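>>> Have a look; sequence and predicted model below, questions after that.
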Amino acid sequence: MPSPRPPLTLTLIHTSAALLALTSLTLTLRTGLEEPGVALAFGVLVAVGELSRWNGTGLRETAPLGAAGALSYALLGADAGQPTHHGLFQVVSVVVAAALVGCVPHIARGRSRTPDHMARRVLTVGFAAVCFQPLYNQGVFGHWGGPAYALLLLALLSLTALCDAVLAAALAHSRTRWPFGPLLRDELRGMPGIGSAVCATGAVMALAVAVVGLWALPVFSLPLLLTQLSFRRYAAVRDTYRQTIASLARSTEIAGYTPAGHARRVAALCQAVGRDLGLSEPDLTVLEYAALMHDIGQLSLVDPVPAGATAVLPAEEQRRIALLGGAVVRQTGVSPQVAAVVERQADPCREQPLSARIVRAVNAYEEKTRAGGPGGPLQALEELRLGTAGDYAPEVVEALARVLSRDCLTLPSAG
């Protein structure tokens, strides 16, 4: 079968970035570099930032040092008191060349996010440069000084950060087909973190180089590099925490109470439904952990439920298992929010929080699908729709239907 065509938005973003990069490189090669020493210094900074790029999860800006260096070059007006004359195309050319050099190890390792990362870098730097360089070279900002000039740079960097958030959400929407609105909201919520550090460092480096010269670059790069290392440690701790929860959730499988992979499948599908309903990243994390541990209360049973299918048990028995599961979760030191979702997954539908409604519906779907044979997915979805009068939340069932329609009515695999 031919491979599916990439989404239109993804194609437009990548094509726009490629055209801007090729145009900038062609014009810069034709006219030559202005202030080659300055270009080399910023190019080295961007390349080092890209080489130290974090390829794990947990960071929205995976190369903050590279981003800050690229943005400071885009907003650079002077070097040690002497006006610079590089323009938009030279800025993009230097950033593209340096980023490509820094991305070589990541490309060699087959990092799939590199094209999206490069497209974002080129377009955001191009946006910042087009807002500043033409006006600066025309002398528009010549009479700006002191706080006014600093505020100008911060305002331009804030607009650039908004542009980057829109691009990141659009790329994620194209890759995953999750709703654009919640993705953009999560990107905007993440801006006060590492995004604010990148913007502040970019502005400070541009101002410092304008006064003291290129020696300011290593001085002001060090704090951001240390911040990046701290974020990487935080991401590693969070990954370890999630792996611990996943291992604990497997205890029901090892003991023979639930089928192999049941908790992981439910967690993956719960996250997809939660994203479709617009849950934020913190709420999705709680939902994932609760879905992984939703069956842990079955360890209290003397005799396992056949195939671990708690959805067919009487309501009182379901509540008892849920309460026991919540008690176990609280003893593990996991967030009380996770324990609350586990405890309330068997409550009457109208009394449940949204996360508990999602876990309940997705768990029932997975159990019914497993028992339904080849026609299981469609039959299970129809049974859930018939149960929306009291057992399952209609909005959750419809979100589940939308997720399944995008995935051709298959359960997501989770390893």
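Looks like it came in fine.
>>> what about the stretch 1-150 of the chain, any weak spots by pLDDT?
Along the stretch 1-150 of the chain, the model assigns pLDDT under 70 to residues 1-6, 54-61, 110-113.
>>> Ala41 against Leu217, yeah?
Yes - between Ala41 and Leu217 there is a contact under CB atoms under 8 Å: 6.0 Å. Yep, even glycine has a C-beta here, placed from its N, CA and C like the rest.
>>> Find residues that contact each of the two.
By CB atoms under 8 Å, 6 or more residues apart in numbering, Ala41 and Leu217 have no common neighbours.
>>> give the contact list for Ser221.
Leu45, Leu65, Ala68, Gly69, Thr201, Met205.
>>> Check which element follows the helix or strand harbouring it along the chain.
Assigned by DSSP states H and E, Ser221 belongs to helix 216-249. Going down the chain from helix 216-249, the next helix or strand is helix 251-254, by DSSP H and E.
>>> That following helix: which residues count as buried?
Neighbour counts using 16 or more other CB atoms under 10 Å place Ser251, Thr252, Glu253 of helix 251-254 among the buried residues.
>>> For whichever helix or strand comes after it, give me every contacting residue.
Next in sequence after helix 251-254, counting helices and strands by DSSP H and E, comes helix 262-276. Contact with helix 262-276 is made by 176, 178-179, 182, 246, 249-250, 252-253, 283-284, 287-288, 290-295, 308, 355, 358-359, 361-363, 365-366, 396, 399-400, 402-403, 407, 411-415, as judged by CB under 8 Å, 6+ apart.
>>> hmm, which of those are the buried ones?
Using 16+ other CB under 10 Å as the burial test, the contacts of helix 262-276 include 178-179, 182, 246, 249-250, 252-253, 283-284, 287-288, 290-295, 308, 355, 358-359, 361-363, 365-366, 396, 399-400, 402-403, 411-412 as buried.
>>> Just the ones of those residues in helices?
Members of those lying in helices (criterion: DSSP state H): 182, 246, 249, 252-253, 283-284, 287-288, 290-292, 355, 358-359, 361-363, 365-366, 396, 399-400, 402-403.
>>> Going along the chain, name the strands of the protein.
Taking DSSP state E, the strands of the chain run over residues 78-79, 82-83.
>>> Direction included, what does the first one pair up with?
For strand 78-79, the paired strands and their directions (DSSP bridges) are strand 82-83 (antiparallel).
>>> what residues does the strand it pairs with touch?
By CB under 8 Å, 6+ apart, strand 82-83 touches Gly77.
>>> Same question for stretch 10-24.
88-93, 96, 115, 118-120, 122-123, 126, 167, 170-171, 174-175.
>>> residues of it that come out buried?
By 16+ other CB under 10 Å, the buried positions in stretch 10-24 come out as Leu10, Ile13, His14, Ala17, Leu20, Ala21, Ser24.
>>> so of those, which ones are in helices?
Per DSSP H, the buried residues of stretch 10-24 map to helices at Leu10, Ile13, His14, Ala17, Leu20, Ala21, Ser24.
>>> which outside residues touch stretch 212-220?
If you take CB under 8 Å, 6+ apart as the criterion, stretch 212-220 is touched by 37-38, 41-42, 45, 69, 79-80, 201, 204-205, 208-209.
>>> 7 Å instead?
Stretch 212-220 has contacts (CB atoms under 7 Å, 6 or more residues apart in numbering) with Val38, Ala41, Leu45, Asp79, Ala80, Thr201, Val204, Met205, Ala208, Val209.
>>> and the end-to-end length of that stretch?
Start and end residues of stretch 212-220 are separated by 12 Å (CA to CA, to the nearest Å).
>>> Would you mind listing the residues in contact with the closest residue to Leu225 other than its chain neighbours?
Among residues not flanking Leu225 along the chain, Leu65 sits closest, at 5.5 Å (CB to CB, 6 or more residues apart in numbering). Leu65 sits next to Val48, Gly49, Ser52, Ser221, Leu224, Leu225, Gln228 when contact means CB under 7 Å, 6+ apart.
>>> didn't the second one look like it was pressed against Ala63?
Meaning Gly49. Yes - using CB atoms under 7 Å, Gly49 is in contact with Ala63, at 5.0 Å.
>>> ok, the residue nearest to Leu225 to Val48 distance?
7 Å (CB to CB, to the nearest Å).
>>> Also Ala148?
32 Å.
>>> higher neighbour count, the two?
Val48 (19 against 10; other CB atoms under 10 Å).
>>> hang on, the earlier thing: tell me the buried residues within the contacts of Leu65.
Val48, Gly49, Ser52, Ser221, Leu224, Leu225, Gln228.
>>> So which of the contacts of Leu65 is the closest to Asp391?
Using CB to CB, Gln228 is the member of the contacts of Leu65 that lies nearest Asp391, at 47.8 Å.
>>> Give me the spatial nearest neighbour of that closest one, chain neighbours excluded.
Going by CB to CB, 6+ apart, Gln228 has Pro64 as its nearest residue, at 5.2 Å.
>>> got it, and Val130?
Counting by CB to CB, 6+ apart, Leu88 is the residue found nearest to Val130 once chain neighbours are left out, at 5.3 Å.
>>> re the thing from before, what would the contacts of Ser221 look like in CSV with distance to Arg109?
Below are the contacts of Ser221 laid out as CSV (distance: CB to CB, whole Å):
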residue, distance to Arg109
Leu45, 23
Leu65, 19
Ala68, 24
Gly69, 23
Thr201, 27
Met205, 29
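>>> And these, which is closest to Ala161?
Nearest member of the contacts of Ser221 to Ala161, counting by CB to CB, is Ala68, at 11.6 Å.
>>> pretty sure that closest one is touching Pro223, no?
No - look at Ala68 against Pro223 with CB under 7 Å: they stay out of range, at 10.2 Å.
>>> So between those two, which is more surrounded?
For Ala68 versus Pro223, the count of surrounding residues by other CB under 10 Å is larger for Ala68: 29 against 13.
>>> what about Arg350, neighbour count?
8.
>>> measure it to Thr388 for me?
According to CB to CB, Arg350 and Thr388 sit 12 Å apart.
>>> again, but for Pro105
Pro105 is 51 Å from Thr388, by CB to CB.
>>> Would you state the helices of the stretch 301-415 of the chain in chain order?
315-331, 336-344, 354-371, 376-386, 394-406 (DSSP state H, counting those that start in this stretch).
>>> Quick one: closest of the ones you listed to Gly190.
That would be helix 336-344 among the helices of the stretch 301-415 of the chain, by CB to CB, at 19.8 Å.
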